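Chemist: sequence first, then the predicted structure:
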Amino acid sequence: MHPITTLHYLILSVALLAIGTIGVLTRRNIVIILMSIELILNAVNINLVAFSQHFNNVNGQVFAIFVITVAVAEAAVGLGILISLFRNKETVQADEIEILKW
Amino acid sequence: MNFLDSIGLIPLFPLFGALVMLLVGRKLDPQTADAHHHAPKSKFLISLLCPGTVLLSFLFSAGAVWQLVDLPARGHLPAHTHQIIQFTWLAGLPFHTAAATLARFTADFGFLLDPLSSVMILVVTGIGFLIHVYSIGYMAHDGGYYRFFGYLNLFVFFMLMLVLANNYVLMFVGWEGVGLCSYLLIGFYFHKKSAADAGKKAFIVNRIGDSGFILGMLLMFSVLGTTRFLDVNKALAAMSPETHFGVLTAMAVLLFVGATGKSAQLPLYVWLPDAMEGPTPVSALIHAATMVTAGVYMVARSNQLFRLAPDACLIVGTVGALTAFFAATIAMTQNDIKRVLAYSTVSQLGYMFVALGAGAYWVGIFHLYTHAFFKALLFLGSGSVIHALSGEQDMRKMGGLRKKIPVTYATMLIGTLAISGIPGLAGFFSKDEILWQAYSHPHAWFRVVYALGLMTAGMTAFYMWRLMALTFYGESRVDPKVAAHIHESPKVMTVPLMVLAAGSVLAGWIGVPKLWSMFPEGFRTLETWLAGVLGNAHTIGEMQHEPNTGLEWAMMLLSVAVAGAGIALAWNLYQKRTPAVEPLQALGPVYTGSLNKWYVDEAYDVLFVNGLSKGGGTVLSRFDQKVVDGGVNGAGWLTRFTSTVSMWWDTWIVDGAVRLTAFSVKMSSYPVRIFQTGSVQAYALAFVLGVAVILGYYLVH
């Protein structure tokens, strides 16, 4: 049985970041895009907590708590914008919402 | 009471009357429809006030003249001369006169009473008062009673300013003032077009003469440096015809041009016959006492100047004689009773200018003074006739009025005899003296003047007796409807007639000819009285000629005989039996020409009104259209052309540069905006790629 090292956490973190990034770039449903952003944020959290344990410094965990808090607020604002957008455009597809251009 | 120091008041009384009438007169004389029949009591006040102011002026004038007689010479003023300078009225800047001395352009508000103006103010106020009284009766049934008397008083005011002024500028104020009043009074019946036109004609023709007066006055300023009569005479004393020949003649002729306008001489007499459109008392006032005498007075006032300009005197005498003759020829055939008298006035004024031209200034004033009596009498008498005939003025519709209006007949007979030159009456003395002065003038040309004057005397007697015969003798040709109303005029009209008739008989006896040596010097008062101002007439006339008593008697008899012949001829033609047709028609074209006033009005109409004025107007309008408008239009075209050029420049060059900039910016924006897709995920991909690039860069290095 191998102990779980910091490296494992980092691999997990990278995997989550990759999944989240690909989700943001490829999925068309804005709800999915928001969820993918959550994945990216969680990848960062894992990174922070992992290094906090690794360096025996609690600062990283404090940051993680902050990030979770901000993520919640961001999700709330993002979903609010999404609902308002849906009321006007009757769609949640990101590629159909492209009026903000020249 | 010292009347001499209150001569300034003399003009002010009529001015007061005029102001009251013109400001509040309407209240006193309401112009209602039934006012003709129920004259309001207040109308009586007008009849009291307006003649009253003139009477007051007359009394003050008489008082002043009475005291003037005993006035000795004081300081720089000669005897019988009184000057009051109230204040400086026009104070101008200093300037250099023609003689390079410094003078100042000033005009006083001042009065000068000397023998000449004393005669004038007595005539103006005396005759003026009688005409005012007469007007009370004559105008009683006319509308605008208050207005009439207001104008009449204003007329007397301006005339008194004219004769009392102590300088030419103030005299000119009165001069223009009487012109204005003549306009107002001639056009008194302004609703009648002919009357309104006659008023305008009088005003405009007078303006032409006035331009001469103004120029003469300015020339006087620039040469003599003053216009005060006494100073002008002083300055003239230093000049002689040899050194200042041209300028003095020019000055005299210009002043005389002014006189021809005001005193109705050729060629400016045309306004006077038309002035008959005014009410008859106005004709009497204008033709006898005021206005037309102004020119005679002015020339007599300038006698020192005219003495130095013998050529100008020649012009004055010639114009006077021609006017006298010319007007008399017209008067012979006129049928309107007032027109005969109007041309007679022009003719008599011509006589006055003959006297002035001959250098016998006192004789001119003498004739002015006697003429004032008998011409006022004749006009007022004709007014009485017209009044009796309910407005009829055509002598062909009169006749046989002798018994019906005896007072008018008797007084007019006296006036006619006086103007015809029957010995003993006023006109004889003055007219005979004029003819004698013309005859004895050394210049040969004055023989022609004398001949014209003598013929005029015959014609005067003829046309005056023709007027009498047609009006008062023979059978009545009056319209039966009018004949029923014939009545003698009221006392208020006949009493002035009687006073004037007495004047026409007696007025001449202060100028008895020297020849009648059986009369004492007292009968020659006028000449000695005026000698201080006007000089002794005989200085020119008798220096060359030895007094020739026999010749003078013969001349006198000749002029009386000519007058008698005129009367006899008229008697034969018109009085013995009333002619069915005008006997003068036998003269053919001469008669037609005379009846139509020698077509002078028509000629003036063609020459000046249509020719110079309208034709010149056409030329001027062409000039205006082609040259002035052309210039303006050209300037407008040029402005438009330059503005087109400038607009082209603005559109294509300035705007072009601005739009080119905008266009190039727009063009360069096309490649850039490909990147702005509006798709969030495209931007996110760009982030990621960017981050990847930066990370890759760091990892590699």
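Modeler: Cool, the structure landed.

Chemist: what is the longest helix belonging to chain A packed up against?
Modeler: For chain A, the helix with the greatest residue count under DSSP state H is helix A:59-89. Under the contact criterion of 3 or more Cβ pairs under 8 Å, 6 or more residues apart in numbering or on different chains; DSSP states H and E, helix A:59-89 touches helix A:30-55. Every residue, glycine included, has its C-beta placed from N, CA and C.

Chemist: the helix it packs on - what's its average pLDDT?
Modeler: Averaged over helix A:30-55, pLDDT sits at 93.

Chemist: other SSEs contacting that helix?
Modeler: helix A:6-26, helix A:59-89.

Chemist: deepest of those, which one?
Modeler: Stretch with highest mean neighbour count among the helices and strands packed on helix A:30-55: helix A:6-26 (a mean of 16; mean count of other Cβ atoms under 10 Å in any protein chain shown).

Chemist: and that one, how far out from the chain's middle?
Modeler: 10 Å (Cα atoms, centre = their mean, to the nearest Å).

Chemist: Three-state assignment for B:Ser517, please.
Modeler: Recorded secondary structure, B:Ser517: coil (DSSP: H, G, I helix; E, B strand; the rest coil).

Chemist: state the distance from it to chain A.
Modeler: 133 Å (Cβ to the nearest Cβ, to the nearest Å).

Chemist: what ranges of chain A fall below the confidence cut-off?
Modeler: A:102 (pLDDT under 70).

Chemist: just the strands in chain B please.
Modeler: Shown for chain B, the strands assigned by DSSP state E span residues B:82-96, B:102-113.

Chemist: for A:Val44, give me its contacts.
Modeler: By Cβ atoms under 8 Å, 6 or more residues apart in numbering or on different chains, the contact set of A:Val44 is A:Ser13, A:Leu17, A:Val67.

Chemist: distance check, it against chain B.
Modeler: With Cβ to the nearest Cβ as the criterion, A:Val44 and chain B are 14 Å apart.

Chemist: what does the stretch 601-701 of chain B put close to chain A?
Modeler: By Cβ under 8 Å from any Cβ of the partner chain, the residues of the stretch 601-701 of chain B that approach chain A are B:Ser669, B:Arg673, B:Gln676, B:Thr677, B:Gly678, B:Ser679, B:Val680, B:Gln681, B:Ala684, B:Leu685, B:Val688.

Chemist: dump those residues to TSV, plus distance to B:Ser517, pLDDT and neighbour count.
Modeler: Formatted as TSV, these follow (distance: Cβ to Cβ, whole Å; pLDDT from 0 to 100; neighbours: other Cβ atoms under 10 Å in any protein chain shown):
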residue	distance to B:Ser517	pLDDT	neighbour count
B:Ser669	129	89	10
B:Arg673	134	84	10
B:Gln676	137	83	13
B:Thr677	142	83	16
B:Gly678	139	83	13
B:Ser679	145	85	16
B:Val680	145	85	16
B:Gln681	150	88	17
B:Ala684	149	90	16
B:Leu685	151	91	15
B:Val688	153	92	14
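
Chemist: lowest average confidence, helix or strand, in chain B?
Modeler: When the helices and strands of chain B are scored by mean pLDDT, DSSP states H and E, helix B:538-544 comes last with a mean of 46.

Chemist: need the helices and strands packed on helix A:30-55 in JSON lines with distance to B:Ala309, can you?
Modeler: What follows is these, written out as JSON lines (distance: least, Cβ to Cβ, whole Å):
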{"stretch": "helix A:6-26", "distance to B:Ala309": "125"}
{"stretch": "helix A:59-89", "distance to B:Ala309": "112"}
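
Chemist: wait, what's in contact with the residue in the stretch 51-200 of chain B positioned nearest to chain A?
Modeler: In the stretch 51-200 of chain B, no residue comes nearer to chain A than B:Leu93, which is 82.0 Å away by Cβ to the nearest Cβ. The contact partners of B:Leu93, by Cβ under 8 Å, 6+ apart, come to B:Arg104, B:Phe105.

Chemist: average pLDDT across stretch B:350-363?
Modeler: 89.

Chemist: could you do stretch B:41-51 as well?
Modeler: pLDDT averaged over stretch B:41-51 gives 81.

Chemist: need the strands of chain B in JSON lines (columns: distance to B:Ala259 and mean pLDDT).
Modeler: Shown next, in JSON lines, are these (distance: least, Cβ to Cβ, whole Å; pLDDT from 0 to 100):
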{"stretch": "strand B:82-96", "distance to B:Ala259": "23", "mean pLDDT": "83"}
{"stretch": "strand B:102-113", "distance to B:Ala259": "19", "mean pLDDT": "85"}
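
Chemist: number of nearby residues for the residue of the stretch 501-650 of chain B found nearest chain A?
Modeler: Here the residue of the stretch 501-650 of chain B nearest chain A is B:Asp650; by Cβ to the nearest Cβ that distance is 31.8 Å. If you count neighbours by other Cβ atoms under 10 Å in any protein chain shown, B:Asp650 ends up with 12.

Chemist: from B:Ala418, how far off is it?
Modeler: 90 Å (Cβ to Cβ, to the nearest Å).

Chemist: can you tell me which residues contact B:Lys597?
Modeler: Contacts of B:Lys597 by Cβ under 8 Å, 6+ apart are B:Pro273, B:Ile330.

Chemist: what residue lies at the spatial centre of chain B?
Modeler: B:Lys262 (3.5 Å; Cα atoms, centre = their mean).

Chemist: before we move on, back to that, chain B: which of the contacts of A:Val44 is nearest?
Modeler: Nearest to chain B among those, with distances taken as Cβ to the nearest Cβ, is A:Leu17, at 10.8 Å.

Chemist: ok, that closest one touching A:Asn45?
Modeler: No: contact criterion Cβ atoms under 8 Å: A:Leu17 and A:Asn45 do not qualify, at 11.2 Å.

Chemist: give the buried residues for the lengthiest helix in chain B.
Modeler: Ranked by residue count under DSSP H, the longest helix found in chain B is helix B:193-224. Within helix B:193-224, the residues that count as buried by 16 or more other Cβ atoms under 10 Å in any protein chain shown are B:195-196, B:198-199, B:201-203, B:205-206, B:208-210, B:212-217, B:219-224.

Chemist: picking that back up, most packed of the strands of chain B?
Modeler: Of the strands of chain B, strand B:102-113 is the most buried (mean count of other Cβ under 10 Å), at a mean of 20.

Chemist: could I get the phi/psi values of the closest residue to chain A within chain B?
Modeler: Going by Cβ to the nearest Cβ, chain A is nearest to B:Gly678 of chain B, at 3.3 Å. In this entry, B:Gly678 is assigned phi and psi values of phi 90, psi -10 (degrees, to the nearest 10).

Chemist: ok, now which ones touch it?
Modeler: A:Ile97, A:Glu98, A:Ile99, A:Leu100, A:Lys101.

Chemist: give me the nearest residue to the third one, chain neighbours excluded.
Modeler: For A:Ile99, ignoring the flanking residues on the chain, the nearest one in space by Cβ to Cβ, 6 or more residues apart in numbering or on different chains is B:Gly678 at 6.1 Å.

Chemist: what do you get for the fourth one?
Modeler: Nearest residue to A:Leu100, sequence neighbours excluded (Cβ to Cβ, 6+ apart): B:Gly678, at 5.0 Å.

Chemist: distance of the one you found from A:Asp95?
Modeler: From B:Gly678 to A:Asp95 the distance is 10 Å (Cβ to Cβ).

Chemist: show me what from chain B comes close to chain A.
Modeler: B:Ser669, B:Arg673, B:Gln676, B:Thr677, B:Gly678, B:Ser679, B:Val680, B:Gln681, B:Ala684, B:Leu685, B:Val688.
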